[in-house]
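[1] just the structure for this:
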Amino acid sequence: MKRISVLAVVAMMFAISSVASAQQEKMKYADWQAEMTSLTAKRDSLKNVLSQLNTDIANLKSELASLDGQYQAQWKKYLGMLGTDEAGYKAFGLALQNMKSQIDNYMSMSDQDLCAQRKNVEALGARIDSMKTSKLALAQQYYNEVQTLVNDYAQLKARLANCSTAMTYTVGTWARNRDCLWNIAKKSSIYNDPWRWPKIYMANRNQIRNPDLIYPKEVLKIPANAPLTNSERAAARAYYARKARMERMSAHPSK
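    Predicted structure coming up:
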């Protein structure tokens, strides 16, 4: 009898446990279903947002293409007013950069070196004057650059005005001044470069027959400081070749 009671209690407890487990499973499913419903709603909402964003992007791209077309049309109209095309506009800018580089180079020179470059500087000034009259000089991008070039060239021109048009040098004695064409060209007030002696020689051929012979109180014309010209280099080669022949003859008089 007691065994039957124990079994009945066990059976009752099992039944109660099964009911509780079933209820718990039912609650878990309900929670999952609620979570799925919530996530699905969020997903659908995000899809709608994404779809609207894609539509907005497409509309913006279309608007951008339209604006770009309008910009290009206005740009071509602007270039037409300036009397040029895209290539001409860019070429004008490159020319300005090149002139600015040349101006900066001339500005950094000493007065003596600048005077030696007078012709090149004046040629640059003519090009600046030409560009100044171009409609492109009025372009917003270039206007200030052109004005800066004009102002900088005015400073160079003022320095050129102080250049001596005809520099001369009066030969001193060898004992006191050690004057020869080599040493005269070497002077810092002349060329600061002895190898440019042929410039003085060629400019004074009317009174200098032999580069080794100059005389006190002779007034020599001093050309502007610049690299040797072809004729001056030829004169130097002839002089050194003649010196070499004379030295060989002195070393071997019988020959």
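
[2] can we go C-alpha only for contacts and neighbour counts from here?
    Will do.

[3] how close does the one residue sitting closest to the centre of the chain sit to residue 111?
    Residue closest to the mean C-alpha point of the chain, counted by Cα atoms, centre = their mean, is residue 97 at 7.7 Å. For residue 97, the distance to residue 111 (Cα to Cα, to the nearest Å) stands at 24 Å.

[4] do a quick rundown of the helices in this structure.
    2-81, 86-107, 111-116, 118-132, 140-160, 174-177, 181-186, 197-203, 230-251 (DSSP state H).

[5] make CSV out of those helices and add distance to residue 224 and mean pLDDT.
    Putting the helices of the chain into CSV (distance: least, Cα to Cα, whole Å; pLDDT from 0 to 100) gives the following:
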stretch, distance to residue 224, mean pLDDT
helix 2-81, 44, 78
helix 86-107, 15, 93
helix 111-116, 5, 74
helix 118-132, 9, 90
helix 140-160, 12, 91
helix 174-177, 22, 90
helix 181-186, 11, 94
helix 197-203, 9, 93
helix 230-251, 13, 89
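
[6] which of those helices is buried the deepest?
    helix 197-203 (a mean of 22; mean count of other Cα atoms under 10 Å).

[7] which elements pack onto it?
    Under the contact criterion of 3 or more Cα pairs under 8 Å, 6 or more residues apart in numbering; DSSP states H and E, helix 197-203 touches helix 181-186, strand 219-222, helix 230-251.

[8] specify the stretch among these that is closest to residue 92.
    For residue 92, the closest of the helices and strands packed on helix 197-203 is helix 230-251, at 34.3 Å, according to Cα to Cα.

[9] what is that closest one packed up against?
    helix 197-203.

[10] how far off centre is the helix it packs on?
    A distance of 39 Å separates the centroid of the chain from that of helix 197-203, by Cα atoms, centre = their mean, to the nearest Å.

[11] cheers, nothing more for now.
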